[in-house]
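Colleague: Need a 3D model of the sequence below.
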Amino acid sequence: MSRFLHIFEHTLFFDSFNNIVIAIGFLFVFAILLTVGRRLESASKLERLGIPISILFGIVALLIGPHGPKPLLPESITDIWVKLPTPLLTLVFATLMLNKPLPSGKGLWQPVASQSLLALLLGFGQYLIGGIVLLLFLIPIKGVDPLMGCLIEIGFEGGHGAASVMGQSFDRLGFPEGIDLGLAMATVGLLSSTLLGSGLVILGRIFGWISFSPDESVSEISLDKKFSLGQKLKNLAVNLGLIGLAVAFGFILLVFVRIAGRTIGGTFNEVLSVFPVFPLALLGSLFIRFVLEKFKKTELVSEILQREIGILSTDLLISTAMAGLDLPLLLNDWIPLSVLALSGLLWNLLGMFLFSRLLFRKQWFERSIIEFGNATGVAASGILLLRLADPRDQTNILPIFSIKQLFLQPLLSGGLITVIAPISIIKLGLIGWTEICGVLTLACFVISILMKPNEDNGTFEGSQIY
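Modeller: Below is the predicted model:
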């Protein structure tokens with residue numbers, strides 16, 4: 001019997017190893033196809049219309065995925081891809097601050113503060129809207145669990161990663177179906193963010209909401225064609241190494257943060273034990289850039305390579321996430337899910353077209369579309385939508401968004417508030433938690449009105465085109 005168990009475990013190990021190899025192989029093929037395909041003229045035209053090539057690849061992957069009509073990709077492969085959002089998002093954040101000169105403090109406060117206000121208003125508003133919908137409709141008519149009031153923020157802002165992590169908390173709180181509902185809501189959020197967001201970019205071009213035309217001439221950064229293959233490979237290796245240092249910095253910082261959490265214990269430890277690494281990788285990116293500027297070694301950074309690595313990571317994240325979408329989940333509890341998802345989408349659209357106009361005078365569309373993507377389908381979707389609206393990085397919104405994420409990522413999108421919300425609903429009741437979120441949402445709205453936007457809103461010293 002022991003010999004049989006040994007052979008069985010040995011076989012399982014090789015099966016798992018083979019699945020990992022195949023999954024990585026498919027990922028490598030996807031990366032090549034995305035890199036080559038994005039340079040085709042037809043792909044460029046589609047992106048100018050607001051249709052990213054990653055969505056097209058994602059739709060194909062969904063069709064051939066285990067839950068699609070032509071299930072060519074086995075579930076054992078997509079199960080591995082489901083674990084990729086956090087590593088790929090970590091790569092995206094690790095590149096954000098490396099390829100731009102550090103902004104000075106002059107003029108930085110207001111754009112970051114106004115961007116943060118919009119994000120807070122959308123985040124707390126999702127809890128407010130979820131609570132109102134449950135109290136007025138879903139609980140009296142459908143008798144759903146009050147913890148469903150968390151699903152909009154968890155699924156939309158947190159995505160599949162936060163939904164998976166929060167599933168453990170839901171299970172402990174007596175809501176075991178929460179993980180499936182959270183994943184279904186994350187599915188709706190991802191699809192809505194990419195498809196609806198792309199449509200908004202098209203409307204933005206038609207109605208002139210976008211600040212710059214994609215055809216306007218700007219100075220482009222290009223690799224020196226005289227470089228030898230060896231020099232290009234060396235340049236790539238150096239830039240990958242810098243990204244690796246940024247990720248390592250974030251990982252080491254995360255280890256210390258979690259040690260501190262275990263020392264303090266309680267809810268603090270529960271929050272930090274599920275805290276992701278990518279916000280800290282962004283901090284690592286900032287630190288590495290600071291060191292390079294301090295020692296005057298910024299020539300080591302290739303802006304175009306850093307940008308391409310970030311774009312490719314975003315494309316792979318969207319494509320692989322769509323490949324593993326479990327559409328049958330949407331058939332379970334589809335009425336409450338549809339009501340909550342529609343309510344959350346309407347709130348995010350209200351934030352984009354009303355609240356953003358109170359906060360931003362210049363470049364309001366670009367600054368709100370990235371928050372719409374972030375609040376509907378996680379940060380990678382927001383970055384994708386900004387790239388569609390501003391493919392040449394003429395607005396320089398990304399550094400503002402990145403710095404804002406340093407402060408807000410620990411709170412929302414799988415952070416402190418996300419972890420505390422279901423516990424608060426159990427202890428305070430859904431009415432009490434909804435009232436708290438209502439006060440916080442109203443406070444953000446009032447501050448938005450009082451914060452007078454100026455003509456320089458959206459720019460800051462050190463953020464010009466380089």
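
Colleague: Show the contacting residues for the one residue sitting closest to the centre of the chain.
Modeller: Centrality entry for the chain: nearest residue to the mean C-alpha point is Ala379, 2.0 Å, by CA atoms, centre = their mean. By CB atoms under 8 Å, 6 or more residues apart in numbering, the contact set of Ala379 is Leu89, Val92, Phe93, Phe278, Gly373, Gln405, Gln409, Ser413. The way it works is simple: take the backbone N, C-alpha and C, and place the C-beta from them, glycine included.

Colleague: again with Ser448
Modeller: Ser114, Leu117, Leu118, Leu121, Phe355, Leu358, Leu359 are the contacts of Ser448 under CB under 8 Å, 6+ apart.

Colleague: Phi first, then psi, for the first one.
Modeller: Listed backbone geometry of Ser114 is phi -70, psi -40, with angles given as degrees, to the nearest 10.

Colleague: so it makes contact with Leu359?
Modeller: Yes - with contact defined as CB atoms under 8 Å, Ser114 reaches Leu359; the gap is 4.4 Å.

Colleague: The two: who's more crowded?
Modeller: Between Ser114 and Leu359, counted using other CB atoms under 10 Å, the more crowded position is Leu359 (27 against 24).

Colleague: Look up which helix or strand Lys100 falls in, please.
Modeller: For Lys100, there is no host helix or strand (DSSP states H and E).

Colleague: Backbone dihedrals for it, please?
Modeller: Dihedral angles (degrees, to the nearest 10) for Lys100: phi -130, psi 140.

Colleague: Local confidence estimate at the nearest residue to it once chain neighbours are set aside?
Modeller: Leaving aside its sequence neighbours, Lys100 sits nearest to Pro399 (CB to CB, 6 or more residues apart in numbering; 5.9 Å). pLDDT for Pro399: 80.

Colleague: now swap in the one 5 residues further on and tell me
Modeller: Lys404 is assigned 87 on the pLDDT scale.

Colleague: The one 3 residues further on too?
Modeller: Reading off the confidence values, Phe407 has pLDDT 80.

Colleague: Any regions of the chain where pLDDT drops low?
Modeller: Scanning the chain for pLDDT under 70 picks out 1-17, 47-51, 103-107, 161, 213-227, 267, 270-271, 274, 324-332, 452-466.

Colleague: Flag every buried residue along the host helix or strand of Leu342.
Modeller: Using DSSP H and E, the element containing Leu342 is helix 334-350. Under the neighbour-count criterion of 16 or more other CB atoms under 10 Å, helix 334-350 has Pro336, Leu337, Val339, Leu340, Ala341, Ser343, Gly344, Leu345, Trp347, Asn348 buried.

Colleague: what's the following helix or strand after it?
Modeller: Next along from helix 334-350, by DSSP H and E: helix 356-359.

Colleague: which parts of that following helix are buried?
Modeller: For helix 356-359, burial by neighbour count (16+ other CB under 10 Å) applies to Ser356, Leu358, Leu359.

Colleague: my guess is the first one meets Ser368, correct?
Modeller: Yes - because the distance of 3.7 Å satisfies CB under 8 Å, Ser356 is recorded as touching Ser368.

Colleague: Spell out which residues are contacts of both of those two.
Modeller: Listed as contacting both Ser356 and Ser368 by CB under 8 Å, 6+ apart are Leu118.

Colleague: phi, psi of the closest residue to Thr90 other than its chain neighbours?
Modeller: Leaving aside its sequence neighbours, Thr90 sits nearest to Phe278 (CB to CB, 6+ apart; 4.3 Å). The phi/psi pair for Phe278 (degrees, to the nearest 10) reads phi -70, psi -30.

Colleague: who are the neighbours in contact with the closest residue to Ile431 other than its chain neighbours?
Modeller: Excluding the flanking residues, the one nearest Ile431 by CB to CB, 6+ apart is Leu135, at 6.7 Å. Applying CB under 8 Å, 6+ apart to Leu135 gives the contacts Leu430, Ile431, Thr434.

Colleague: Can you get me a residue count around the first one?
Modeller: By that I understand Leu430. 22.

Colleague: Which element, helix or strand, includes it?
Modeller: Counting by DSSP H and E, the element that carries Leu430 is helix 416-450.

Colleague: and that helix, which residues are buried?
Modeller: So, applying 16+ other CB under 10 Å, buried residues of helix 416-450: 417-425, 430, 433-434, 436-438, 440-441, 444-445, 447-448.

Colleague: Out of the contacts of Ser448, which comes closest to Leu72?
Modeller: Leu118 (41.6 Å; CB to CB).

Colleague: what's the helix or strand for that closest one?
Modeller: Taking DSSP H and E as the definition, Leu118 sits inside helix 109-133.

Colleague: What residues of that helix count as buried?
Modeller: Residues 110-112, 114-133 are the ones in helix 109-133 that count as buried (16+ other CB under 10 Å).

Colleague: and the helix or strand just after that helix, what does it pack onto?
Modeller: Using DSSP H and E, the next helix or strand after helix 109-133 towards the C-terminus is helix 151-152. Where contact means 3 or more CB pairs under 8 Å, 6 or more residues apart in numbering; DSSP states H and E, helix 151-152 is packed against helix 109-133, helix 178-191, helix 334-350.

Colleague: give me that answer again for 10 Å
Modeller: Contact partners of helix 151-152 among helices and strands, from 3 or more CB pairs under 10 Å, 6 or more residues apart in numbering; DSSP states H and E: helix 109-133, helix 159-172, helix 178-191, helix 334-350.

Colleague: Other residues contacting it?
Modeller: 123, 125-131, 133-134, 144-145, 158, 163, 166, 170, 178, 181-182, 184-186, 188-189, 336-337, 340-341, 343-345, 347-348, 375-376 (CB atoms under 10 Å, 6 or more residues apart in numbering).

Colleague: Thank you kindly, that will do.
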